[in-house]
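>>> 3D model of this:
(2 chains)
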Amino acid sequence: MSRPALRIAMIMLATIGLGVASYLTYVHYSGSPPVCTAGGSCLKVQTSIYSKLAGVPVALMGLIGYVAILASLLAPENENTRFATLIFTLAGFGFSAYLTYRELFSIHAICEWCASSAGIMTILMLLAIWRFLRGAPESHDSPLAGSAQAPRAAQLGAN
Amino acid sequence: MSPVDNEEDLTRKQRREQAREQRKAMEEASAAEASQRKRLIQLGGVAAVVIVIIAVILVATGSGGSKKAPAPASPEAKSAQTAVTSLLQGIPQSGTTLGNPNAPVTIQYFGDLECPICKEFTLGALPPLIQKYVRSGKVKIEYHSMETATREKEIFQTQQVAAMAAGKQKLGWNYIELFYHEQGEENTGYVTESYLQGLAAQVPGLNLSDWSSARNNPEYANVVISDAQAANRAGFTGTPSFLIGKTGGATQKLEYTSLNEPASFEAAIEKQLKG
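Below you'll find the model as predicted:
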């Protein structure tokens, strides 16, 4: 996958995740039951004691997380922004893993919105790791390579 | 310079060039390797920090801590008692029914006393409904049991029966309201015998001896079963769930849009009152 295509794919995923987190945040603050095919599971998860951490709704935390990821993806690409995306997605993945654990073993209910967000975050994290480890396009042609090519061209010209 | 010298010179130049290119290639490879190593270290560092943070969150939220009912004289209990007394004072009660027995509209509230969503409703949309419709005698609310949040069947029955036993002294709703006001954290096993008795001690005017005797009445256990059957017939999958209808007439599901705002409940009540 080309670097621009990878970045666009990640931006699209982060946008979908942002939509899911926005909806869950809206549901949390409005008190209305979430649209859910799994009966009352979503409502159970959304209103459980684990729906807040230190008084802050986890849906809002997710929303902030996706905004941060999206901002790091939309910023001009360099080593720092790739590293920032990696940090945000790794943190998001860790948090999603914690919430999924709580759903399975503490609340005993799965919220499909939360599960979809966890899935998106997992893919985003894998792509961010790949993107970060690939490095910059210029890393294949390091600054040294540029200076090496010059005398070679001069030589070819001389020949 | 002779052509032979030129050739020798070119060969020397080519060798030098080749050696330089090899050196550059090695330097590039070495730089790339160092860069990759640095990225892997950064990745490992971030992953380790995230793991530590999640572990801390898990430990901090893990046990939840079991919550006992506050002592009747504690500020927390006093505050809950004041809120509940002021909400229910002067409203007739019978068993777990709140309101005028001849109210034209009846709402059946299916709940689990350990259910945090029910607490949200009880402390959110319910008080304005009680003030507006129950106090004025237009609506009565019947509390029915439906097990959702409580994990252990026995504990569920015990806590629901405790509320019904208070209902024998026309204080069932005081017990229900206090339970929700002081509700502990889900799945922490906070509902124990001392918790239930602690709550009972906070209900003003409740004769504890009579309440304890009433809890042994097998009829209440049957009510829990019949409530579960009614919830099943209505197709309820979670709590709180509601049925509404004219008193003594057919009922229908009450669909709500918010547990904090009474608007959707008010609309359903008005429809019944006008219909």
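
>>> with chain A in mind, check whether the helix or strand hosting B:F110 reaches it.
For B:F110, the element it lies in under DSSP states H and E is strand B:105-111. No. Shown here: strand B:105-111 not in contact with chain A (Cβ under 8 Å from any Cβ of the partner chain), separated by at least 11.6 Å. Every C-beta, even on glycine, is put in place using the N, C-alpha and C of the backbone.

>>> show me what the helix or strand following that strand is packed against.
Sequence-wise, the next helix or strand downstream of strand B:105-111 (DSSP H and E) is helix B:116-123. Counting by 3 or more Cβ pairs under 8 Å, 6 or more residues apart in numbering or on different chains; DSSP states H and E, the packing neighbours recorded for helix B:116-123 are strand B:105-111, helix B:172-181.

>>> got TSV for the ones you listed, with mean pLDDT and mean neighbour count too?
Shown next, in TSV, are the helices and strands packed on helix B:116-123 (pLDDT from 0 to 100; neighbours: other Cβ atoms under 10 Å in any protein chain shown):
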stretch	mean pLDDT	mean neighbour count
strand B:105-111	97	24
helix B:172-181	96	26
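
>>> got CSV for these, with distance to A:P76 too?
Formatted as CSV, these follow (distance: least, Cβ to Cβ, whole Å):
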stretch, distance to A:P76
strand B:105-111, 54
helix B:172-181, 53
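
>>> so which of these is nearest B:N207?
Of all those, helix B:172-181 sits nearest to B:N207, with 12.8 Å by Cβ to Cβ.

>>> report the distance from the helix or strand following the closest one to the chain centre.
Per DSSP H and E, the first helix or strand lying C-terminal to helix B:172-181 is helix B:193-202. Offset of helix B:193-202 from its chain centre (Cα atoms, centre = their mean, to the nearest Å): 22 Å.

>>> now do helix B:193-202 and helix B:172-181, the angle between them.
When axes from the mean of the first three to the mean of the last three Cα atoms, to 10 degrees is applied, the directions of helix B:193-202 and helix B:172-181 differ by 120 degrees.

>>> quick one: low-confidence ranges for chain A?
Residue ranges of chain A with pLDDT under 70: A:31-33, A:38-40, A:43-44, A:47-49, A:137-159.

>>> hmm, 90 instead?
Residues of chain A that meet the criterion pLDDT under 90 lie in A:1-4, A:26-57, A:77, A:79, A:101-112, A:134-159.

>>> report the longest helix in it, please.
Assignment by DSSP state H gives helix A:3-30 as the longest helix of chain A.

>>> same question, chain B
helix B:3-62.

>>> do a quick rundown of the strands in chain A.
A:52-53, A:56-57 (DSSP state E).

>>> what lies in contact with the strand holding B:F110?
Residues outside strand B:105-111 that contact it (Cβ atoms under 8 Å, 6 or more residues apart in numbering or on different chains): B:118, B:121-122, B:133, B:138-146, B:227, B:230-231, B:234, B:236, B:239-248, B:251, B:254, B:265, B:269, B:272-273.

>>> now, which of those residues lie within strands?
Those of the contacts of strand B:105-111 lying in strands (DSSP E): B:139-145, B:241-246, B:251.

>>> tell me the contacts of residue 88?
Going with chain A. Going by Cβ under 8 Å, 6+ apart, A:F88 touches A:G65, A:A68, A:I69, A:S72, A:A128.

>>> meant chain B, my bad for not saying
With the criterion set at Cβ under 8 Å, 6+ apart, B:L88 makes contact with B:L98, B:I130, B:W173, B:N174, B:E177.

>>> distance of it from B:A263?
Remark: distance between B:L88 and B:A263 (Cβ to Cβ, to the nearest Å) = 23 Å.

>>> and B:T158, what is it in contact with?
By Cβ under 8 Å, 6+ apart, the neighbours of B:T158 are B:V191, B:L196.

>>> so which helix or strand takes in it?
Since the elements are taken from DSSP H and E, B:T158 ends up inside helix B:153-167.

>>> list the buried residues in that helix.
For helix B:153-167, a neighbour-count test (16 or more other Cβ atoms under 10 Å in any protein chain shown) marks B:155-167 as buried.

>>> pass me the low-pLDDT residue ranges in the stretch 101-250 of chain B, would you?
Checking the stretch 101-250 of chain B against pLDDT under 90 turns up B:116-117, B:148-155, B:184-198, B:209, B:212-213, B:215-218, B:232, B:235-239.

>>> taking it, what residue is nearest to chain A?
Proximity of the stretch 101-250 of chain B to chain A (Cβ to the nearest Cβ) peaks at B:G238, 2.5 Å away.

>>> pretty sure that residue contacts B:I117?
Yes. Assessed by Cβ atoms under 8 Å, B:G238 is found in contact with B:I117 at 7.5 Å.

>>> quick one on the thing from earlier: distance from the longest helix of chain A to the middle of the chain?
For helix A:3-30, the distance to the chain centre is 8 Å (Cα atoms, centre = their mean).

>>> now for that helix, which elements pack on it?
Taking 3+ Cβ pairs under 8 Å, 6+ apart as the contact cut, helix A:3-30 packs with helix A:41-46, strand A:56-57, helix A:58-74, helix A:112-134.

>>> what angle do that helix and helix A:58-74 make?
Going by the same axes, to 10 degrees, helix A:3-30 makes 160 degrees with helix A:58-74.

>>> what comes up buried for helix A:3-30?
A:7, A:10, A:13-14, A:17-18, A:20-25, A:27-28.

>>> please apply the same query to stretch A:104-121.
So for stretch A:104-121, counting by 16+ other Cβ under 10 Å, buried means A:106-115, A:117-118, A:120-121.

>>> how close does A:A75 sit to B:A162?
59 Å.

>>> nope, B:S209 is what I was after
Taking Cβ to Cβ, one finds B:S209 at 14 Å from B:A162.

>>> same check on B:L58?
Per Cβ to Cβ, B:L58 is found 33 Å from B:A162.
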